[in-house]
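In: Provide a 3D model corresponding to the input given below.
(2 chains)
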Amino acid sequence: MASIAPTGFSEDGAPPISRRRLAYRHPLSRRINHWVNVIAVIMLLMTGLNIFNAHPALYWGQYGSEFDKPVLALRGESGKGVTHIGSHTIDTTGVLGWSGGENRGFPAWATIPGFRDLAAARNWHLFLAWVLILNGIAYFLFGLWNQHLRKDILPNRHDLAPSNIAHDITEHVKFKFPTGRDSNRYHVLQKFAYASLALVFLPGMVITGLSLSPGADAVFPGIVDLLGGRQSARTLHFVFMALTVGFIVVHVSLVLLAGFLNQMRSMITGWWAFDDDEVDPGIPTTLARKIAR
Amino acid sequence: MSGFNLTRRGLVLGGGGLLLASCDRLTSAPNTTDFLRRNGEAATYGWQRLIQSNQGLAREFTKADISPMFKANGSTDPQDDDYLDHVDENFQNWVLKIDGLVMRPLAIPLQQFRQLPVRTQITRHDCVEGWSAIGEWSGPQLGPLLQRTGLQPNARFIVIHCADTLDGEPAKGGDQSAGRYYESFDLVDAFHPQTILAHTMNGMPLTVPHGAPIRLRVERQLGYKQAKYVQRIEVVDRLDKFGMGKGGYWEDRGYEWYAGI
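Out: The predicted structure is shown next:
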């Protein structure tokens, strides 16, 4: 009766052996959201750094210019670039303050365009902000509709148990990644990372960005006050940018470490390969909505 | 494995370099940036005009909030012969003209202009470059002056003609070509209560770096819209016959005409 043996069992009824399977992890909407976001965020970042280079200093409060004390400033003079953070001064020649033989906040390779052009950088930045916002709205609508946000992204009670968090930290420190069935869900640190980006960092970028608009400030002055003033909002816009860059660095590193090709396949085709270690392949986890036999 | 990683990194970096080189050509191509600006600006103008009321005020501050030093940017010391003569005469012969598509053109000598009722407002000036400064501005509102001249039915914009020639601003990069400064606005901003022709700043007559003798304030837009050295306000039905046709000195050099963001 070999024909009725459950898949995964060997024909003589020995204990289950793991079998390579494909799980459908990311629907088309999410894959489109992801890659549109990749393009929008990277270009917003690089055009934003070009805009920043027009006045490479940050302040706290409503106002701030050359006559006021900055919280951060990139300055260059005769071949030497320095970064001022509060009362500290760091020599950053060649990268920040001075690069490519000129006084320049961020270097050419970090900006779009790769030369000083506030007008073009703003044209791109303000257009791409719409792409980011509309893409984000679509992500949230799909995520609420198919429960991706609730089931996969937001940590549940089990995730938040201190022992579980401690365990997940240990696993990450050991570079041990979930395998088998268990790879078909996000673990707590991963949930924190995605939730931070989707619910805090990117919405934070949009809110602080809109606060820089004098037209919007005339309608919602309270938001600017809440952020500590217009120049504080600009500083926080920069902080959320740095947090987003931090996310990207960690995210891309872990994608490389956790199996680059499989990760890329799942975000391009939707299908994630794993060694199935359970008897019945028919029961998907929250992330894997269906599993190919 | 590490060999593979290095190769991949090499590929990524090499590919990135190529991408960046073509990127610059793409990102600064006038057709591309025009497309982006037209659409981005239409969206900004659309949603801001939708949520703003026409009379909605920009935030006003108290004297305690005023910046100790207000940065002067763009033209700070115009070298145009005509303007220098006015400086020598202490603006005795400066005349503000309002004409174009109006019923009764106006020409107000500065002395008389300074006798008009004023609005005083302490507002934040947000430069497109990123810095801000708070100052107190006093001057007659533009709206009542336009009501005095009366508008013809086809009036749609106002063009602000200035006395200075500006040759760019190195901090901004991009097109740095010289040109006579001018600006333009729709009638919503022209009649906005905070749209004033300031002759006084922080309680003192306006100085040359800040636009003496008259500077326009349109508080819900960025700094480059706050035209200095205002000589003439022309009411028009279209903007394409002025400068390079985009409605202002910086607009002709790639910036948004509606600078609400």
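
In: what ranges do the strands span in the stretch 101-250 of chain A?
Out: Assigned by DSSP state E, counting those that start in this stretch, the stretch 101-250 of chain A shows strands spanning A:102-104.

In: ditto for the stretch 151-261 of chain B
Out: Assigned by DSSP E, counting those that start in this stretch, the strands in the stretch 151-261 of chain B fall at B:157-166, B:179-186, B:196-198, B:200-201, B:204-205, B:215-217, B:230-236.

In: Ok, which of those strands comes nearest chain A?
Out: strand B:215-217 (11.6 Å; C-beta to the nearest C-beta). Every C-beta, even on glycine, is put in place using the N, C-alpha and C of the backbone.

In: The closest one and chain A, any residue contact?
Out: No - on the criterion C-beta under 8 Å from any C-beta of the partner chain, strand B:215-217 is out of touch with chain A, staying 11.6 Å away.

In: For the stretch 1-150 of chain B, what lies in contact range of chain A?
Out: B:5, B:20, B:23-24, B:27-28, B:33, B:36-37, B:39-41, B:43-44, B:48, B:51-52, B:56-59, B:61, B:65, B:67-69, B:71, B:124, B:126-134.

In: From these, which land in helices?
Out: The members of these that map onto helices under DSSP state H are B:5, B:20, B:23-24, B:27, B:33, B:36-37, B:39-41, B:43-44, B:48, B:51.

In: Is there a quick PyMOL command that grabs whichever of those residues are buried?
Out: Burial among these is assessed by 16 or more other C-beta atoms under 10 Å in any protein chain shown; the matching PyMOL selection reads:
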select buried, chain B and resi 20+23+24+27+33+36+37+40+41+43+44+48
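
In: Tell me which helix or strand comes right after the helix or strand containing residue A:37.
Out: Secondary structure from DSSP states H and E places residue A:37 in helix A:28-53. Later in the chain than helix A:28-53, the nearest helix or strand by DSSP H and E is strand A:57-58.

In: Tell me which strands that next one pairs with, and in which orientation.
Out: strand A:72-77 (antiparallel) (DSSP bridges).

In: Show me how far the helix or strand in which residue A:274 is found is from its chain's centre.
Out: Using DSSP H and E, residue A:274 falls within strand A:271-276. Here the centre of strand A:271-276 is set off from its chain's centre by 24 Å, with C-alpha atoms, centre = their mean, to the nearest Å.

In: go on, stretch B:161-179?
Out: For stretch B:161-179 - counting by C-alpha atoms, centre = their mean - the centre lies 12 Å from the chain centre.

In: thinking again about what came up before, can you list contacts of the strand holding residue A:274?
Out: A:8, A:18-25, A:179-181, A:183-184, A:262, A:265-266, A:288, A:291-292 (C-beta atoms under 8 Å, 6 or more residues apart in numbering or on different chains).

In: please redo it, this time with the cut-off set to 10 Å
Out: Contact with strand A:271-276 is made by A:7-8, A:16-26, A:178-184, A:259, A:261-263, A:265-266, A:287-288, A:290-293, as judged by C-beta atoms under 10 Å, 6 or more residues apart in numbering or on different chains.

In: residue ranges with poor pLDDT in the chain?
Out: In the absence of a named chain, this looks at chain A. For chain A, applying pLDDT under 70 flags the ranges A:1-17, A:279-284, A:293.

In: let's do chain B instead
Out: B:1-22.

In: try 90
Out: Along chain B, segments meeting pLDDT under 90 span B:1-31, B:53-54.

In: So which residue is dead centre in it?
Out: residue B:225 (1.1 Å; C-alpha atoms, centre = their mean).

In: ok, now how distant is that residue from chain A?
Out: With the distance defined as C-beta to the nearest C-beta, to the nearest Å, residue B:225 ends up 9 Å from chain A.

In: looking at it, that residue is touching residue B:181, isn't it?
Out: No - look at residue B:225 against residue B:181 with C-beta atoms under 10 Å: they stay out of range, at 11.3 Å.

In: Give me the common contacts of these two.
Out: B:160, B:248, B:250.

In: Can you give me the neighbour number for the residue of the stretch 151-293 of chain A found nearest chain B?
Out: Relative to chain B, the nearest point of the stretch 151-293 of chain A is residue A:215 (2.8 Å; C-beta to the nearest C-beta). Using other C-beta atoms under 10 Å in any protein chain shown, residue A:215 is surrounded by 24 other residues.

In: which ones are touching it?
Out: Here residue A:215 is in contact with B:44-45, B:47-49, B:51-52, B:56, B:58, B:219-222, B:258-261 (criterion: C-beta under 10 Å, 6+ apart).

In: cool, residue A:122 as well?
Out: A:47-48, A:50-51, A:54, B:33, B:36-37, B:40, B:128, B:172, B:174, B:254-256, B:259, B:261.

In: how close does it get to residue B:174?
Out: Distance of residue A:122 to residue B:174, given as C-beta to C-beta, to the nearest Å: 10 Å.

In: Residue B:210 now?
Out: In terms of C-beta to C-beta, residue B:210 sits 24 Å off from residue B:174.

In: out of the contacts of strand A:271-276, which are buried?
Out: A:8, A:21-26, A:178, A:181, A:183-184, A:259, A:262-263, A:265-266, A:287-288, A:291.

In: among those residues, which are in strands?
Out: A:21, A:22, A:23, A:24, A:291 (DSSP state E).

In: that older thread, export the shared contacts of residue B:225 and residue B:181 to a markdown table and tack on neighbour count?
Out: Compiled in a markdown table, the shared contacts of residue B:225 and residue B:181 are given as follows (neighbours: other C-beta atoms under 10 Å in any protein chain shown):
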| residue | neighbour count |
| --- | --- |
| B:160 | 27 |
| B:248 | 26 |
| B:250 | 29 |
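
In: Show the overlap between the residues you listed and what lies near chain A.
Out: When C-beta under 10 Å from any C-beta of the partner chain is applied, the members of these adjacent to chain A are residue B:250.

In: Next, format the shared contacts of residue B:225 and residue B:181 as TSV and append distance to residue A:167.
Out: Below are these laid out as TSV (distance: C-beta to C-beta, whole Å):
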residue	distance to residue A:167
B:160	66
B:248	61
B:250	57
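
In: circling back: find the residues that touch each one of residue A:122 and residue B:174.
Out: Residues touching both residue A:122 and residue B:174 by C-beta under 10 Å, 6+ apart: A:54, B:33, B:254, B:255.

In: of these, closest to residue B:110?
Out: Closest to residue B:110 out of the shared contacts of residue A:122 and residue B:174 is residue B:255 (30.0 Å), distances taken as C-beta to C-beta.

In: Could you check how far that closest one is from residue A:145?
Out: Going from residue B:255 to residue A:145 by C-beta to C-beta gives 40 Å.

In: Neighbour count: the two, which is higher?
Out: Taking neighbours as other C-beta under 10 Å, residue B:255 and residue A:145 compare with residue B:255 leading, 26 against 10.

In: Double-check the more buried one against residue A:54; I have them as touching.
Out: No - judged on C-beta under 10 Å, residue B:255 makes no contact with residue A:54 at a distance of 11.6 Å.
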